[in-house]
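Visitor: model the structure of this input:
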Amino acid sequence: MFNRLVKFRRGGDKYEDLDESNIDLDITDPAMKNIVNSGNSMEMSDNPEEVQPKETVESPDTEESYTLQQAIDAIGFGKFQVKLSILTGFAWMADAMEMMILAILSPALHCEWQLEGWQQASITTVVFAGMMCSSSLWGSISDKYGRKTELILCSVITCYFGILSAFAPNFVWILILRGLVGFGIGGAPQSVTLYSEFLPTASRATCVVLVEIFWAIGACFEVLLALVVMPWLGWQWLLGLSALPLLLFSICCYWLPESARYDITRGNVEKAIATLKRISFENGKPLPPGRLVEPTSKATSRGSMKDLFMPEFQKTTFFLWIIWLVAAFSYYGIVLMTTELFEISDGCHGSSVKVEQPCFVQCKGLTTSDYVDLTWTTFAEFPGLFVTVFLIERIGRKFTMGFEFFVFGVFVLLANICTSR
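Guide: Numbering: from 1, shown residues only. Okay, here's the model as predicted:
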C-alpha cells in the first residue's frame, strides 16, 4: 500500500492552481517517490474524491484461483478414481443383474403360471415403464439433495421391491412389484454422473466406457446365478438373491464421496474443497495454487427441462432421443430375444402342415444348455467394450457410435441365416 500524505492550503485555492509551492508531499514509500518523479502519475479533477492513477496497476499480492475442473485435471487419474470406479461400478453391476433377470424370469413364469404371450411381455414392459416415469424425477432429486443421497435412496427402493417380488403370489402382484423395481432402477445412471464428475477431461471418455464393464459383469453373473439357482430353488430365490448386491452397495455408500460439483452449486464451497483435498491426498498430487472459484452463471443457473426445447438445443435433444431409443431397442431387444429363440424348437424351418396344439399354452423352459449359451452371448459385451475404448480416442465418439450401430445391424441381419447353434 502506498503511504502518502497530501497537504494543501484550503484558503480558496482551486485544485488546478496547486503547484510545488502549495503542495507538501510526505512520502514514506520508495515506490511512490518513483511515481512522483515521473511527473505523470496522477490526474486531478474538480472532485477531490476522483483522484485516480492514469493506469490500473494490479496489486502484487493478487490471489490466484482455479475452477473445479482445473483442480481435477491437475490432480489427474489415480487411486481415488480407481476406488470410485469400483464403488459406482458395483451399483452399475447390481442394476444390470435386475435388468438381465427379465430374460430369465419371463420364461419361468410363462411355464409356472401358464401365462399368455401378452402377459409374458407385460412383465418386461412394466419395468421399462417404471424407469421411464422415474428417470427425470431421480435427476431432480440428485440435483436437489445430492448424487450420493439419490443413489442410496434408489438402491434401497430397488432392493426392497426386488426382494418383495420373490413373494409375489400372482401375475398382478408381480407386475406391480417389478414396476416399482423399474422405478428404482431409473436412478441408477446417476452413478455414472457422479463418477464422471471426478474424472479428468483427458480420460473421461475412456473411463466412462470402461465402467460399463461392470454392467457386463453383472449381466454375466446373473446368468451364472440362474444356472445354479433355477434348477434347484426356482425363480423366487433367484429374485431374492439378485437384490442383495444392491443392499451391499447401499452399505458401501458410506465411503462414497458426494459430488464436489454438487456441493459448489449448493454453496458448500468448503465441503467441495475438503473433497478435493481428499482426492489430492489419495492421488499424491497437489491442488493448484490459489482458491477454488466457479463462474457465477454455473453456480446459480441450474436450468430446467424446458431448456432442452430452446432453439439452440432442439436439434441436439431430438437426435439424442433417437440415439437412446435405438440403443435401448437394440440392446434389450437382443437380450430378450435370445431366450425366446431358445424356447423355439425349430427357428429356421417352417411347416406347411398346421398342427393343433393340445394344450392351452405350450411351454418349454430354459435348460442348462440354454443358460450356458446365454452366458456366452453375454460375454460378447466385453470385446465390444474394448473395441469401443480403442476407437473412441482415434475416430471420435460420433463415428464410433455410427460404426457400431452399423455393425450391429449387419450381424442382426446375418442372424436370419439358418444355421445350428
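Visitor: measure V156 to R394 for me?
Guide: 41 Å (CB to CB, to the nearest Å). Where you see a C-beta, it was placed from the backbone N, CA and C, and this is true even at glycine.
Visitor: who has more neighbours, the two?
Guide: The neighbour count for V156 versus R394, taken as other CB atoms under 10 Å, is higher for V156 (16 against 8).
Visitor: for the more buried one, grab phi and psi.
Guide: phi -60, psi -40 (degrees, to the nearest 10).
Visitor: not counting sequence-adjacent ones, nearest residue to it?
Guide: Nearest residue to V156 in three dimensions, chain neighbours excluded: S250, at 5.5 Å (CB to CB, 6 or more residues apart in numbering).
Visitor: contact partners for that neighbour?
Guide: The neighbourhood of S250, defined by CB atoms under 8 Å, 6 or more residues apart in numbering, consists of 152, 155-156, 159.
Visitor: cool, W113 as well?
Guide: Contacts of W113 by CB under 8 Å, 6+ apart are 170-171.
Visitor: one more time with 7 Å
Guide: F171 (CB atoms under 7 Å, 6 or more residues apart in numbering).
Visitor: quick one: it from I322, how far?
Guide: From W113 over to I322 (counting by CB to CB), the distance is 37 Å.
Visitor: domain assignment for the chain?
Guide: 4-47, 69-300+363-379 (automatic domain parsing).
Visitor: let's have those domains in JSON lines, adding mean pLDDT and distance to N416.
Guide: Shown next, in JSON lines, are these (pLDDT from 0 to 100; distance: least, CB to CB, whole Å):
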{"stretch": "domain 4-47", "mean pLDDT": "45", "distance to N416": "85"}
{"stretch": "domain 69-300+363-379", "mean pLDDT": "89", "distance to N416": "17"}
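Visitor: what's the closest of these to T339?
Guide: domain 69-300+363-379 (4.7 Å; CB to CB).
Visitor: if we can go back for a sec, between the contacts of S250, which sits nearest M93?
Guide: S155 (11.9 Å).
Visitor: so who does that closest one touch?
Guide: 91, 246, 249-250.
Visitor: highest neighbour count among those residues?
Guide: In the contacts of S155, the most neighbours by other CB under 10 Å go to A91, 31 neighbours.
Visitor: element containing that residue, please.
Guide: helix 79-100 (DSSP states H and E).
Visitor: using PDB, write out every CA atom in that helix.
Guide: Extracted as PDB, the C-alpha positions of helix 79-100 are listed here (Å, rounded to 0.1, in the frame of the first residue of the first chain):
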ATOM      1  CA  LYS A  79      -6.000 -44.200  -6.600                       C
ATOM      2  CA  PHE A  80      -9.100 -42.200  -5.700                       C
ATOM      3  CA  GLN A  81     -10.700 -42.700  -9.200                       C
ATOM      4  CA  VAL A  82      -9.800 -46.400  -9.100                       C
ATOM      5  CA  LYS A  83     -11.700 -46.800  -5.800                       C
ATOM      6  CA  LEU A  84     -14.600 -44.700  -7.100                       C
ATOM      7  CA  SER A  85     -14.700 -46.900 -10.300                       C
ATOM      8  CA  ILE A  86     -15.200 -50.000  -8.200                       C
ATOM      9  CA  LEU A  87     -17.900 -48.400  -5.900                       C
ATOM     10  CA  THR A  88     -20.000 -46.800  -8.700                       C
ATOM     11  CA  GLY A  89     -19.400 -49.800 -10.900                       C
ATOM     12  CA  PHE A  90     -20.800 -52.100  -8.200                       C
ATOM     13  CA  ALA A  91     -24.000 -50.100  -8.400                       C
ATOM     14  CA  TRP A  92     -24.000 -50.500 -12.200                       C
ATOM     15  CA  MET A  93     -23.400 -54.200 -11.800                       C
ATOM     16  CA  ALA A  94     -26.300 -54.700  -9.300                       C
ATOM     17  CA  ASP A  95     -28.700 -52.900 -11.600                       C
ATOM     18  CA  ALA A  96     -27.500 -54.900 -14.600                       C
ATOM     19  CA  MET A  97     -28.500 -58.000 -12.700                       C
ATOM     20  CA  GLU A  98     -32.000 -56.700 -12.100                       C
ATOM     21  CA  MET A  99     -32.300 -56.000 -15.900                       C
ATOM     22  CA  MET A 100     -30.800 -59.300 -17.000                       C
END
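Visitor: right, I'll leave it there.
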